[in-house]
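Student: Sequence plus the predicted model coming up.
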Amino acid sequence: MPLFQKSVLNTHLNNLDEQQVADAYDKFQSIYNPNKIAEIKTLKEEVYQDGFLRDIFVEVFGYVLQPEENYNLQREFKNQSDNKKADGAILKDGHALAVIELKSTKTKDLTKVTQQAFNYKNNQPECKYVITSNFQKLRFYIDYAHEYEEFDLFNLQKDEFTLLYMLLHKDNLLSNLALKIKKETKFHEKEISDKLYKDYSSFKRKLFANLVKNHPDIDQLELFKKSQKLLDRFLFILFSEDSGLLPPNLITTIITKYRKLEELDYYQPLYDIFKQYFGYINNGDAKEKISEYNGGLFKADQLLDNLIIDDMVLIDDLMRLSIYDFNTEVDVNILGHIFEHSLSEIEEITAQIEGKVADKKKSKRKKDGVFYTPKYITQYIVDNTVGTLCNEKRIELGIEEIEFDGTYRKQGGGLRKAGEKLYQTLNEYKDWLLTLKILDPACGSGAFLNQALNFLIAEHKNIDDILEELTGHILPIFDTDKSILENNLFGVDINEESVEIAQLSLWLRTAKKGRKLSSLNNNIKCGNSLIDDPEVAGDKAFDWHIEFKDIMENGGFDVVIGNPPYVRQELIKPFKGYLSENYHTYQSSADLYVYFIELCIDKLISKNGIYSIIVANKWMRANYGKSIRCWLKEKAIVEIIDFGDLPVFEEATAYPCILTVKAGLASKKFKGLKIDSLNFSSLEYFANAHSIDVNQDLLEDSGWSLIDEEISKLLVKLKGQGTSLKIFIDNKMYIGLKTGLNAAFIIDAIQYEEFIRQDSKYLEIIKPYAVGRDITRYGKPKTSKYIICIPRKWTNSKGNFNSEKSAWSWFQSNYTLLAEYLNNFMEQAIKRSDKGDYWWELRACEYYGEFEKPKIIYSEIATEGRFTIDSNNLYCDMTAFVIGSDSTFLLAILNSKLFTFLFKHSSSEIRGGFLRWKRQYLYPLPIPENTNNIFENLVNEITQKYE
């Protein structure tokens, strides 16, 4: 993936001194001449490493190599933490600013060098850049391993050298010019993305409103769908006119043509002229110099082609959008973000169509679980699914490592037998690549499919490069990307708009001048992936054996990847009956992604297939996850990476994890990793370095923790001791009180004193009150709050009232000051759904009496156990819990580090490393037998210090 945004890059390239670049290029060509290149191809890594540093970095880019005075380039630079050495390093103030890792030309795939190079980088705190090379290809990285610029030094054109010069020349690199451009790129992409989306969204809404105005007799939802299709057509034109697929400035040309006709008093609606050009794009037109693209996007559409659109709607907004340079400013990655944001508007527009007010808390992004997956996540998942299968196939064919050392070619030219065999094997591998079936069953705008496309294009390119070197001939042009689209990539989404956008994003990545677009209607389809019954899902019912008949008859998909919808169970109630009958993992409170996991592993992947997703981690601990945990325990889990509360998704705190499973029976162990920071250069390398082996047999049905076997065995041993907390306290654990209106029922100390001063009887119904954050370990809660606690049935216990009016009259007479105070909140209090018999009462609660007893209380959200004993009749809110015991022995156990250790491995972390000390996680934990009074004595000493 390129490092820089084209328009930002061009600005800096234009600032270079042309003569200096030309002189450096001449120098480079004189060094890397044909004879030198032929010689380099024969040299071993260690023979030419020093020469490479001198030829490229010293002679061309101006560095000074040690031991010269004031050197800034050093050979074999040692790590700070071990004895390993990078092949070279560029120094600034004595520290490594860039590390260099070199191999010979026998190493064809530089990706295999990258991890080694980044290991060196991670050992140098000041290091920003990584440079890898096999003397022919050179890659330049900034901080992260998933983005780089690559150069072919044996075939380096002037414009390519200019970029290399800007990145590697000592004056530029030592001043961190590349890092500056990267930061500008990030800022510019965000700025352009936000501005373009604002303009795009405005056009979308105006266009739809105009269609509704002009066609009151047509269903608005149908008009909305057509407006989306029209927007896709316009986006294709905007992108294509700037990238050379269509004549430049085509939008302006069409509008100019409209205006000229208008000046000649020959009025023709602007949309009619656009429709003419839609036909040209679909069928081709030599006169207009437009190739035939077809593909379905511009195919005749009776309803769309007969719509009426006001001219000014098209003129104003299309001219505004055409100002953007979709070649240098708006790449397909920015479009990906825009497409995802676009989906979030659909709920609001649909609500408008139906005459409702859109609930922004339940927008389509929330309801359909639409979140944009970061690049490094899609790349990791694709590399470890598609990449894994490719590596396995290469090993099977014996081509995992290929070195050209005279084995394959005759000296006079032509191939030896080994070369012919390798040629056949490489082509066999290429043919196999085109048989892979890769699916995203909830594809959204196509982020995972686009990443798989990138991977496969690169894999074909790598093999083609080897074939060219093997044969000595340039391979004939083959539409690899088009073949990948048609043969390898498949997707389904419940959203018609997502399907159209996914198709468009794939077209924009692969479109070439003069070549038809691939028809993707048989690859990317609309439907409800989980439900095949039309009576349940209507026209969205999706039968995999019909829609992908050939693939399913051949055993299923080789790879299933994606980001299944984050949809809470409350939003899928209409489908629960079907889900309970058709999914083994059904649990009434389970979120939608649980069923995607079962569907994909049980029904969609082939016998040798692999499944990997990024998904919420709640299934690992939550009660509703028990069924999926038990089910997954019998599967061949490959890896689980838990990100906890880290902000993987910009739009939401999703608590994600990556789950990877292979087809087949369960294995004994899988790789597990709990990530505490996103500050890594490569997720791949970080996982390789820090993952642990998790024993699948030791995972508990009550909840999974990613811990190694020794800790698992320790936990099993500890949990087998003593009595469960639930039994020890006789099931007496209670959540704090919910008033439904804290503004009314929670008062401060000044108000409390005023009530008590008037009449001490208020002590009966006004109680000291604490929230979770007031509670500390062993300490006496410091609180100045009080709760007006009038329980349900309390009023009626004071008399026989025949109406609320008479009850209120009594309350006013006997508790005048309090009645005057509460009367201010009457309207709000009446609206509560959880009140008592009367609006001034709290809801029913069977354990009000427990607050009046000595008890253990604790904060629900804490990084460690925060338990203390209360003997002052303290009431608590819902962020605290009450345990019906005042045992100092129990308090000591609950506050112990060992108990916190047990709890951490039995519950889920939330944002900031906090734990939720819920009853469901606490109850199973063991309380040992109390064999002496040492704990009581210690606790008494500790608590006295807090008095």
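Tutor: Structure's in. What do you need? Here the structure is a predicted model, which means the values were calculated and not measured.
Student: Without its sequence neighbours, what residue ends up closest to residue 150?
Tutor: Among residues not flanking residue 150 along the chain, residue 139 sits closest, at 5.0 Å (Cβ to Cβ, 6 or more residues apart in numbering). Using the backbone N, CA and C atoms, a C-beta is placed for each residue, glycine as well.
Student: partner residues bridging that neighbour?
Tutor: Judged by DSSP bridges, the bridge partners of residue 139 are residue 132, residue 150.
Student: tally of neighbours for it?
Tutor: 20 (other Cβ atoms under 10 Å).
Student: any idea how far it lies from residue 788?
Tutor: Distance of residue 139 to residue 788, computed by Cβ to Cβ, to the nearest Å: 69 Å.
Student: Who are the packing partners of whichever strand in the chain runs longest?
Tutor: Longest strand in the chain, counting residues (DSSP state E): strand 605-616. Here strand 605-616 touches helix 375-383, helix 386-397, strand 557-562, helix 593-599, strand 656-665, going by 3 or more Cβ pairs under 8 Å, 6 or more residues apart in numbering; DSSP states H and E.
Student: for the helix or strand just after that strand, packing partners?
Tutor: Sequence-wise, the next helix or strand downstream of strand 605-616 (DSSP states H and E) is helix 626-632. The elements that helix 626-632 packs onto, with contact taken as 3+ Cβ pairs under 8 Å, 6+ apart, are helix 593-599.
Student: hey, C-alpha coordinates of the helix it packs on in CSV?
Tutor: The C-alpha trace of helix 593-599 is given here as CSV (Å, rounded to 0.1, in the frame of the first residue of the first chain):
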residue,chain,number,x,y,z
TYR,A,593,-22.6,-12.2,15.3
VAL,A,594,-22.9,-15.5,17.3
TYR,A,595,-25.0,-16.9,14.5
PHE,A,596,-22.6,-15.7,11.8
ILE,A,597,-19.8,-17.6,13.6
GLU,A,598,-21.8,-20.9,13.5
LEU,A,599,-23.1,-20.4,10.0
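Student: Residues in contact with that helix: which ones?
Tutor: With contact meaning Cβ atoms under 8 Å, 6 or more residues apart in numbering, helix 593-599 is reached by 369, 441-442, 529-530, 564-567, 579, 583-587, 613, 615-616, 619, 624-625, 627-628, 631-632, 659.
Student: So which bits of the longest helix along the chain are buried?
Tutor: Longest helix in the chain, counting residues (DSSP state H): helix 177-214. In terms of neighbour count (16 or more other Cβ atoms under 10 Å), helix 177-214 has its buried residues at 177-178, 181-182, 184-185, 188-189, 192-193, 196-197, 200, 203-208, 210-212.
Student: Then stretch 422-439?
Tutor: Neighbour-count burial for stretch 422-439 [16+ other Cβ under 10 Å]: 422-423, 426, 429-430, 433, 436-439.
Student: hey, what's residue 915 bridged with?
Tutor: residue 862, residue 909.
Student: right, and it touches residue 906 too?
Tutor: No - if you go by Cβ atoms under 8 Å, residue 915 and residue 906 don't touch, sitting 9.7 Å apart.
Student: Tell me who's in contact with residue 211.
Tutor: So residue 211 contacts 223, 226-227, 307, 309 (Cβ under 8 Å, 6+ apart).
Student: before we move on, the earlier item: which is the next helix or strand following the longest helix of the chain?
Tutor: helix 220-243.
Student: Give me the contacts around the helix or strand harbouring residue 282.
Tutor: Secondary structure assignment for residue 282, by DSSP H and E: helix 270-283. The contact list for helix 270-283 (Cβ under 8 Å, 6+ apart) reads 233, 236-237, 246, 250, 254-255, 257-258, 285, 288, 290, 292-294, 298-300, 305, 307-309, 311, 314-315.
Student: ok, of these, which come out buried?
Tutor: Buried among the contacts of helix 270-283 by 16+ other Cβ under 10 Å: 233, 236-237, 246, 250, 254-255, 258, 290, 292-294, 298, 307, 309, 311, 314.
Student: From these, which land in helices?
Tutor: Those of the buried ones among the contacts of helix 270-283 mapping onto helices are 233, 236-237, 250, 254-255, 258, 311, 314, per DSSP H.
Student: Identify, from those residues, the entry nearest to residue 534.
Tutor: Checking these against residue 534 with Cβ to Cβ, the nearest one is residue 233 at 31.0 Å.
Student: thought that closest one was touching residue 298?
Tutor: Yes - Residue 233 is within contact range of residue 298, at 6.3 Å (criterion: Cβ under 8 Å).
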